[in-house]
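# take a look and give me a structure for this.
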Amino acid sequence: MSQQSTVAEQALSPASSRRTASFSDVIAVVAGNALEFYDFTVYAFFAVFIGKAFFPAFSATSQVIASVAVFGVGFVARPIGGIVIGAYADRAGRKAALSLTIGLMALGTAIIAFTPTYGSIGMAAPLLVVAGRLLQGLSAGGEMGPATTYLLEVATDQRRGFYTSWQMATQGLAALLGGLVGYVVSSTLSADALSSWGWRLPFVLGLLIAPVGLYIRRRLHETLDADTAVKGTGELMSAIFRGHRSDLLLSCCVLIGPTVTVYVVGHYMTTYGMRVLHLPTSTSMLVGLMTGSVGLVAPLAAGMIYDRRPGTRMMVVPQCLSVLSIVPLFAWVITAGTGTLFLTMVAVLTLFRVLMAPFHLCFVPEIFPKAIRSTCISICYSVPTTLFGGSAQLVVAWLGSVTQDPMAPAWYLLTTNIVSLGAVLLLFFRHRRKVAPARMIATDSRLQDKPAT
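Take a look at the predicted model:
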């Protein structure tokens, strides 16, 4: 057999021996990601009530600030979870790590849902909520790497884009469900009931997915080869920073722009629409519906296109379009000031972000060797989220107050997405000949080695 074929088979290993994933496997893997984004949505929706329950001694404004600050604690824990749980997945297996993350996530959610108020147990109440957020942050930081790695490794070579794109699609689905549950609960319960116990219902409903996800995850087929797995975290981190430091740094930069876009376009735009554009509250609240709908459908379509043409340069086009469209779209919306254009801008910017799913979830992970892949992907997602995601809304709000410029969010979005565009182009032209085309090489080699008939 040719050397080219041998290299390709190594790149694809263990494709020949792995079991084809069922749809239940995909659902089990993405369940944790869905739970994370669902919790994010409902926490943001009920931040006022959470503040009243656990910080009653504060003023109304300070209660909201304290509630948001507690939520931010989860961002601090993400890099720790990314490194620790990502390394655990590269040592003990993807299956073990995925079971751990959904268990931690469920425990953190349960603590928030069932912790008594400050009036019942005093300072223990906010401390328990902080502990719950830390557990959620650890699990969220460690979830993305093992989950994405598992989907990439268990999928057939013609379905990698579609399978991994479910990671992003479930974020859109979770945002839609979170917004829907929040709307139903807040619309059907009285103000007193909502304040005293009703805000807990969405978290309790979110917990229902955890036992099912944990049960199915424990039945998953392991994709990590124990014989070639690293034996210790020290060996793992040494291998990453000795041989893949520049790729890891570039991959983190790839996620900066999209991460900021998630938190500015997907969350801050609700406030921006009401306070800056002076749109009706009902119109501004449709931001979640727009981002959730686009985020559910578009990644799956992008993943299927990637499966057909894994080496195409079109894969990097959405990031280029994002950079080119940010300033014109904001300028247009500010000038026109209509709700329709505002929601169109939200949908378009979300579309360009989620169309990058194949690059983020297939191309970048395939850069890293299988033995260190889970840890690298966990770091790539958790570090930008902590540094840029958690602070994005604060930064654009501060820029707006200092400059009094309604274009402030656009300038920050533009800057961060230019950084990501540079990293995308560098990685693509650096690795396109050894990542996606490996599958094509394997096919060509098998055809060449086949005897003529």
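
# could you list the low-pLDDT ranges of this protein?
Low-confidence segments of the chain, defined by pLDDT under 70, are located at 1-22, 61, 64, 226-228, 231, 233, 434-453.

# residue for residue, what is the longest helix it has?
helix 60-92 (DSSP state H).

# flag every buried residue along that one.
63-64, 66-68, 70-71, 73-75, 77-91 (16 or more other CB atoms under 10 Å). In this view, the C-beta of every residue, glycine as well, is placed from N, C-alpha and C.

# isn't Leu286 right next to Leu343, touching?
Yes - applying CB atoms under 8 Å as the test, Leu286 and Leu343 come out as touching, 5.9 Å apart.

# run the angle between the host helix or strand of Thr375 and helix 60-92 for me.
Assigned by DSSP states H and E, Thr375 belongs to helix 373-384. Here helix 373-384 runs at an angle of 160 degrees relative to helix 60-92 (axes from the mean of the first three to the mean of the last three CA atoms, to 10 degrees).

# residues touching stretch 190-197, excluding its own?
Where contact means CB atoms under 8 Å, 6 or more residues apart in numbering, the residues beyond stretch 190-197 that reach it are Phe49, Lys52, Ala53, Val185, Ser186.

# what separates the closest residue in space to Met356 that isn't next to it in sequence from Ile305, distance-wise?
Ranked by CB to CB, 6 or more residues apart in numbering and with sequence neighbours excluded, the top spatial neighbour of Met356 is Pro318, at 5.0 Å. Relative to Ile305, Pro318 is positioned 11 Å away (criterion: CB to CB, to the nearest Å).

# for the nearest residue to Pro116 once chain neighbours are set aside, what are its contacts?
Among residues not flanking Pro116 along the chain, Ala125 sits closest, at 6.1 Å (CB to CB, 6+ apart). By CB under 8 Å, 6+ apart, the contact set of Ala125 is Ala53, Phe54, Thr115, Pro116, Thr117, Tyr118.

# let's see that with 7 Å instead.
With contacts taken as CB atoms under 7 Å, 6 or more residues apart in numbering, Ala125 has the following neighbours: Phe54, Thr115, Pro116, Thr117, Tyr118.

# next: Thr386.
The neighbours of Thr386, taking CB under 7 Å, 6+ apart as the test, are Phe75, Val76, Arg78, Pro79.

# now, the most widely separated pair of these?
When CB to CB is used, the two most widely separated members of the contacts of Thr386 are Phe75 and Pro79, lying 9.0 Å apart.

# for Ser406, which three-state class applies?
One correction, residue 406 is Pro, not Ser. For Pro406, the secondary-structure state derived from DSSP: H, G, I helix; E, B strand; the rest coil is coil.

# right, and it touches Ile334 too?
Yes - the pair formed by Pro406 and Ile334 meets the contact definition of CB atoms under 7 Å, at 5.2 Å.

# neighbours of Leu427, how many?
22 (other CB atoms under 10 Å).

# same question, Val48
Val48: 15 neighbours (other CB under 10 Å).

# which outside residues touch the helix or strand harbouring it?
Element membership for Val48 (DSSP H and E) is helix 47-54. Contacts of helix 47-54 with the rest of the structure, by CB under 7 Å, 6+ apart, involve 63-64, 66-68, 117-118, 125-126, 129, 194-195, 199.

# ok, back up a step: Leu399 versus the residue nearest to Pro116, what's the distance?
Look at Ala125 and Leu399: by CB to CB, they are 35 Å apart.

# same question, Leu387
In this structure, Leu387 and Leu399 are separated by 17 Å, where distance is defined by CB to CB.

# and Val230, by the same measure?
Taking CB to CB, one finds Val230 at 43 Å from Leu399.

# do Leu134 as well
Noted for Leu134: a distance of 29 Å to Leu399, by CB to CB.

# now stretch 266-282 - C-alpha only, PDB.
Taking C-alpha atoms only, stretch 266-282 is exported to PDB below (Å, rounded to 0.1, in the frame of the first residue of the first chain):
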ATOM      1  CA  GLY A 266     -27.600  37.600  21.100                       C
ATOM      2  CA  HIS A 267     -28.100  39.300  24.500                       C
ATOM      3  CA  TYR A 268     -27.100  43.000  24.600                       C
ATOM      4  CA  MET A 269     -29.100  43.900  21.500                       C
ATOM      5  CA  THR A 270     -32.300  43.600  23.600                       C
ATOM      6  CA  THR A 271     -31.100  46.400  25.900                       C
ATOM      7  CA  TYR A 272     -29.700  48.300  22.900                       C
ATOM      8  CA  GLY A 273     -33.000  48.200  21.000                       C
ATOM      9  CA  MET A 274     -34.900  49.600  23.900                       C
ATOM     10  CA  ARG A 275     -32.400  52.200  25.300                       C
ATOM     11  CA  VAL A 276     -30.500  53.400  22.200                       C
ATOM     12  CA  LEU A 277     -33.000  52.800  19.300                       C
ATOM     13  CA  HIS A 278     -36.000  53.400  21.500                       C
ATOM     14  CA  LEU A 279     -37.900  50.500  20.000                       C
ATOM     15  CA  PRO A 280     -40.900  48.900  21.800                       C
ATOM     16  CA  THR A 281     -40.000  46.400  24.400                       C
ATOM     17  CA  SER A 282     -42.000  43.700  22.600                       C
END
